[in-house]
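Chemist: need coordinates for the following:
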Amino acid sequence: MTIAENFLADFKMEMANTRRMFECIPDDALEFQPHSKSMTLGRLAGHIAEMARWGTDTAEVDELDIQPATGDGYKPLTAESRASVLEFFDRSVAEAVEAIGRVSDEEMRAAWTLKAHGNPIFTMPRINVLKSMVLSHIIHHRAQLSVYLRMNDVAVPGMYGPSADER
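Modeler: Numbering: from 1, shown residues only. You can find the predicted model right below:
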């Protein structure tokens with residue numbers, strides 16, 4: 001089994017769980033913000049969805065400048081509806097699975113760099129970027145999304161077994 005195949009087994013499972021969480025988002029709660037320092041529910045959902053796209057970026061380039069001197073930089077995604085975030089997420093996951101599946105073991109071990117304004121933020125092996133900045137990052141924010149949903153009295157699906165709403 002290649003490194004990519006091993007990673008994709010976990011990635012696909014977690015993306016299926018994430019999709020189940022997205023399916024619960026009520027369109028009328030997208031502006032919900034539990035604290036002034038917190039993202040709105042729509043921004044949080046958009047952030048999770050855009051991270052799936054980061055899997056493609058990580059697979060296809062050796063470095064990424066999120067705030068380049070010229071051209072477009074990182075543009076945060078805010079969900080405008082449950083349907084829009086699901087469509088973006090599904091497309092992003094499919095693209096990421098395809099792109100990651102093409103990465104050789106040697107490329108997985110190669111250095112990958114995130115930059116801002118041309119300055120390195122970090123450099124680590126590509127597989128570590130996929131595990132930490134993509135997969136673990138999605139899981140972290142998905143947990144936040146479950147709290148946002150709970151605060152809006154939305155039934156939350158279980159991720160690794162039944163939730164209190166599924167008993």
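
Chemist: contacts only, for Arg19.
Modeler: By Cβ atoms under 8 Å, 6 or more residues apart in numbering, the contact list for Arg19 reads Leu86, Phe89, Asp90, Val93. In this view, the C-beta of every residue, glycine as well, is placed from N, C-alpha and C.

Chemist: make sure it is indeed in a helix.
Modeler: Yes - under DSSP: H, G, I helix; E, B strand; the rest coil, Arg19 falls within a helix.

Chemist: quick check: it vs Ala9, distance?
Modeler: For Arg19, the distance to Ala9 equals 16 Å [Cβ to Cβ, to the nearest Å].

Chemist: do the same with Gly158
Modeler: For Gly158 relative to Ala9 (Cβ to Cβ), the value is 20 Å.

Chemist: same check, this time on Arg91
Modeler: With Cβ to Cβ as the criterion, Arg91 and Ala9 are 21 Å apart.

Chemist: how about Thr78?
Modeler: Taken as Cβ to Cβ, the span from Thr78 to Ala9 is 31 Å.

Chemist: more crowded one of these two?
Modeler: Thr78 (19 against 11; other Cβ atoms under 10 Å).

Chemist: for the more buried one, list the residues it contacts.
Modeler: Applying Cβ under 8 Å, 6+ apart, the residues contacting Thr78 are Thr40, Gly42, Arg43, Gly46.

Chemist: state the pair within those that is farthest apart.
Modeler: Spanning the widest gap among the contacts of Thr78 are Thr40 and Gly46, at 9.2 Å by Cβ to Cβ.

Chemist: who has more neighbours, those two?
Modeler: Legend: neighbour count by other Cβ under 10 Å for Thr40 and Gly46, higher for Gly46 (22 against 17).

Chemist: for the most centrally placed residue in the chain, give me phi and psi.
Modeler: In the chain, the residue lying closest to the centroid (Cα atoms, centre = their mean) is Met51, at 2.8 Å. For Met51, the backbone dihedrals are phi -70, psi -30 (criterion: degrees, to the nearest 10).

Chemist: next: Ala116.
Modeler: Torsion angles, degrees, to the nearest 10, at Ala116: phi -140, psi 130.

Chemist: and the lowest-mean-pLDDT helix or strand in the chain, which residues are buried?
Modeler: The weakest-scoring helix or strand in the chain, judged by mean pLDDT, DSSP states H and E, is strand 63-65 (a mean of 91). Neighbour-count burial for strand 63-65 flags Leu64, Asp65 (criterion: 16 or more other Cβ atoms under 10 Å).
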